[in-house]
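Chemist: Just to be clear, the model below is a prediction. Sequence and coordinates:
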Amino acid sequence: MQRQLNTLMNEQFDDIPAPLGEASPATELRAEVRNLDFWYGDTQALKGVNLRVADRKVTAMIGPSGCGKSTLLRCFNRMHDLYPGNSYGGEIRLFPEDRNLIEMDPGLVRLRIGMVFQKPNPFPKSIFENVAAGLRVRGINAKKPLDERVEQALQGAALWDEVKDRLQESAYGLSGGQQQRLCIARALAPQPDILLLDEPTSALDPIATAKIEDLLTKLHKSVTVIIVTHNMQQAARISNYTAYMHMGKLVEYGVTDDLFTAPREQMTSDYITGRFG
Amino acid sequence: MATTDITHDSLARIIAANRRTDVVMASIGILVLMVAGTLLGAVFIDLLASGWERLVNPDFYTNFPSRRPAQAGIISAVVGTSLVMLVTAVIAVPLGVAAGLYLEEYAAKNWLTDLIEINVSNLAGVPSIIYGLLALGLFVYGFGTGETILTAGLTLALLILPVIIVATREAVRSIPQDLREAAYGLGADKWQTVRLYVLPAARPGILTGVIVGLARAIGEAAPVITIGALTFIAFLPPAPLQIESPFINFDWLTSPFTVMPIQMFNWVSRPQAEFHINAAATGVVLMVMTLAMNALAIYIRLRLRRLQR
Ligand SMILES: Nc1ncnc2c1ncn2[C@@H]1O[C@H](COP(=O)(O)OP(=O)(O)OP(=O)(O)O)[C@@H](O)[C@H]1O
Ligand SMILES: [Mg+2]
């Protein structure tokens, strides 16, 4: 069955429709997960996951709680390497250079792949310094480029107008939704190849959520986005491709509209119609 | 059946019981605080009253010790204590913070680290005179550093290292993991994460440990006597700053010295009552120095907290 799934996915990438109603560009691969296993110590959390991530598209991951969405996402920036006892099997190949991310230096991977977490986690510093953090890490400390890129990132995260007069104030004075957009700006400022988001709106109200969704649909023109979400409407609204996971396995993957309107697997169909999960 | 029902009355009873517990706990807390505060206040006022006539006399602060109680002053002790504390802080703070950071952020979590942690915590409870004996053997006889300000600073640094290490570990451990993940997620390496995010966030806690440590060191007499501090000294160490190039000199490090607690002890043990007045006045100055150190720490904490709310 796994074999079959792979061929299905390959076929799909040959003629990718444009789910969000754009003209269909020749879509390229940005990353490909091949037979990925992951263990927290002795517990296997990912089992032979295969997934192709299209360049400058939004890929959503859905599935019941505990199925391994966050685990998969955190493989992409090697977050698991911070803790002892975790181990990987298989590959995540990064394109265009075609290198296995699992064998690269974790620091190097994280310099190229940004992440936004479920809970807003700004640094206890000023708004400006939060956005500048990733730039400083990359050795950009001169005032002019910092100013420019901080403003650019805050514009990109639709936060500039709200904070432009209080850049030197503490980031902790912002509301939850603003803090999350600040975290997105912080991740965007260094212009990552891929942006990972783990349920970025789960702690936010509908208005803040709408702002961030709006932002993500604009973003993917310049950056490849992988987003984990519990909210199926959200996945349907903003993603081009959707992956459905269940108990550490990737059950179904396809163009978002197809997956939601005509799921191939019974499990997927049960989940999206709310019969379990 | 009635006992398991959740009714308005049963909830009200729980609230009332909780409130009683709160009142009891708060009363005990206030009582303990009052006892401690009253004792401290009583000691301070007693010293202040006993030493008043010397405290208001400017000569007391500028004179050297003397055989005549009315002319004896504390200049050599104040300078000695200040310089010894300077050496202690310069050595113990960086070392202690670095050790605490290493143990918490870098060291592998295994039995060896656990063993070191237990030992460090225990060291904080070792009587200070033991440190004095260690320093006498190690620094004075072993390294030949003599009975100097440097030796005293090193000794007291050893004494308060465990306090600073433990405080640093606690402070670093209390930094939420998502802050670290945020930094690593941006591509920061370990040292950047520690230096830019962990350490600044842990600073208030570390500072508290430093102050607790220094406050302990400033009042210690036993280890300093053990390594051979003088009790009567009629000259000052060479000044650390000078007008001629190279403007800084370190000769003071090798100078003999005395410190406030020793000066106080010396005067207390004299038979003449007038010397006891001097001792009380010295006690007041020592307490004020300690309080000033605390005030400085509070000021720094408040300044740091501005951005961290
Ligand atoms: N640090 C850990 N150590 C051991 N097991 C873990 C750890 N983190 C997660 N797991 C397990 O791995 C599995 C996948 O967890 P994961 O967090 O990826 O789920 P998820 O799909 O993100 O769920 P949710 O939607 O609730 O966030 C779960 O069974 C979980 O219990
Ligand atoms: Mg999750």
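Modeler: Thanks, I have it. Nothing here was measured: the structure is a model prediction, and the numbers come from that model. Ligands and ions are numbered 1, 2, ... in the order given.
Chemist: Return the list of helices and strands in contact with the host helix or strand of residue B:10.
Modeler: Per DSSP states H and E: residue B:10 is located in helix B:8-55. Helices and strands touching helix B:8-55, as assessed by 3 or more C-beta pairs under 8 Å, 6 or more residues apart in numbering or on different chains; DSSP states H and E, comprise helix B:273-305. Glycine gets a C-beta too; all of them are placed from N, C-alpha and C.
Chemist: so the helix it packs on versus helix B:8-55, what angle?
Modeler: For helix B:273-305 against helix B:8-55, the angle by axes from the mean of the first three to the mean of the last three C-alpha atoms, to 10 degrees is 130 degrees.
Chemist: show me what contacts the closest residue to ligand 1 within the stretch 101-250 of chain A?
Modeler: Relative to ligand 1, the nearest point of the stretch 101-250 of chain A is residue A:230 (5.9 Å; C-beta to the nearest ligand atom). In this structure, residue A:230 makes contact with A:62, A:65, A:199, A:202, judged by C-beta atoms under 8 Å, 6 or more residues apart in numbering or on different chains.
Chemist: Please check these and keep the buried ones.
Modeler: Buried subset of the contacts of residue A:230 (neighbour count, 16 or more other C-beta atoms under 10 Å in any protein chain shown): A:62, A:199.
Chemist: Out of the contacts of residue A:230, which one has the lowest pLDDT?
Modeler: Scanning these for pLDDT, the smallest score is found at residue A:202, 86.
Chemist: Contact partners for that one?
Modeler: A:118, A:229-231.
Chemist: any idea which of the residues you listed is closest to residue B:77?
Modeler: When these are compared for distance to residue B:77 (C-beta to C-beta), residue A:118 wins out at 58.5 Å.
Chemist: Please identify the helix or strand for that closest one.
Modeler: Assigned by DSSP H and E, residue A:118 belongs to no helix or strand.
Chemist: hang on, it packs against residue A:201?
Modeler: No. Applying C-beta atoms under 8 Å as the test, residue A:118 and residue A:201 come out as separate, 9.3 Å apart.
Chemist: Of the two, which one has the most company?
Modeler: residue A:201 (23 against 17; other C-beta atoms under 10 Å in any protein chain shown).
Chemist: before we move on, what SS does that one have?
Modeler: Here residue A:201 is coil, with the state taken from DSSP: H, G, I helix; E, B strand; the rest coil.
Chemist: which one of the contacts of residue A:230 is nearest chain B?
Modeler: For the contacts of residue A:230, the residue nearest chain B by C-beta to the nearest C-beta is residue A:199; the value is 13.5 Å.
Chemist: and the residue of the stretch 101-250 of chain A found nearest chain B, how many neighbours?
Modeler: The stretch 101-250 of chain A approaches chain B most closely through residue A:111 (3.5 Å), counting by C-beta to the nearest C-beta. Residues near residue A:111, counting by other C-beta under 10 Å, number 20.
Chemist: Contacts only, for it.
Modeler: A:137-138, A:190, B:187.
Chemist: any idea how far the helix or strand harbouring it is from the chain center?
Modeler: According to DSSP H and E, residue A:111 maps onto helix A:106-112. The chain centroid and the centroid of helix A:106-112 are separated by 15 Å, computed with C-alpha atoms, centre = their mean, to the nearest Å.
Chemist: Please apply the same query to stretch B:105-116.
Modeler: How far stretch B:105-116 lies from its chain's middle: 26 Å, per C-alpha atoms, centre = their mean.
Chemist: now check that stretch, is it near chain A?
Modeler: Yes. Judged by C-beta under 8 Å from any C-beta of the partner chain, stretch B:105-116 comes into contact with chain A at B:108-109.
Chemist: Mind listing residues that contact that stretch?
Modeler: Counting by C-beta under 8 Å, 6+ apart, A:84, B:103, B:172, B:190, B:194, B:198 sit against stretch B:105-116.
Chemist: Nearest to ligand 1 among those residues?
Modeler: residue A:84 (10.8 Å).
Chemist: So that closest one, which state does it fall into?
Modeler: Recorded secondary structure, residue A:84: coil (three-state DSSP).
Chemist: Spatially nearest residue to it (excluding sequence neighbours)?
Modeler: Sequence neighbours aside, residue B:109 is the residue nearest to residue A:84 in space, at 7.2 Å (criterion: C-beta to C-beta, 6 or more residues apart in numbering or on different chains).
Chemist: Same question for residue A:52.
Modeler: Per C-beta to C-beta, 6+ apart, closest to residue A:52 is residue A:32, 5.0 Å.
Chemist: how much space between the one you found and residue A:74?
Modeler: Going from residue A:32 to residue A:74 by C-beta to C-beta, to the nearest Å gives 18 Å.
Chemist: Just want to know which of those two has more residues nearby.
Modeler: residue A:74 (22 against 17).
Chemist: what stretches of the chain score poorly on pLDDT?
Modeler: Because you didn't say which chain, this covers chain A. For chain A, the stretches flagged by pLDDT under 70 are A:1-27, A:220, A:276-277.
Chemist: That was the other one, I meant chain B.
Modeler: Applying pLDDT under 70 to chain B flags residues B:1-3, B:306-309.
Chemist: Not counting its own residues, what contacts the helix or strand harbouring residue A:244?
Modeler: Counting by DSSP H and E, the element that carries residue A:244 is strand A:241-246. Residues outside strand A:241-246 that contact it (C-beta under 8 Å, 6+ apart) are A:19, A:49, A:51, A:54, A:57-64, A:67-69, A:72, A:235-236, A:250-256, A:259-260, A:263, A:265, A:267-268, A:271-272.
Chemist: can you map out the helices along chain B?
Modeler: Ranges of helices in chain B, per DSSP state H, are B:8-55, B:59-62, B:75-101, B:111-123, B:128-135, B:149-173, B:177-185, B:190-192, B:199-218, B:222-226, B:260-268, B:273-305.
Chemist: Buried residues in the second one, which are they?
Modeler: Of the residues in helix B:59-62, residue B:60 count as buried by neighbour count, 16+ other C-beta under 10 Å.
Chemist: ok, and what's touching that helix?
Modeler: B:54, B:71-75, B:78, B:278, B:281.
Chemist: Just the CA coordinates for the helix holding residue A:111, please, in PDB.
Modeler: Taking C-alpha atoms only, helix A:106-112 is exported to PDB below (Å, rounded to 0.1, in the frame of the first residue of the first chain):
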ATOM      1  CA  PRO A 106      21.400  21.200  12.700                       C
ATOM      2  CA  GLY A 107      22.500  24.800  13.100                       C
ATOM      3  CA  LEU A 108      22.900  25.200   9.400                       C
ATOM      4  CA  VAL A 109      19.400  23.700   8.900                       C
ATOM      5  CA  ARG A 110      17.900  26.100  11.300                       C
ATOM      6  CA  LEU A 111      19.600  29.100   9.600                       C
ATOM      7  CA  ARG A 112      17.600  28.200   6.500                       C
END
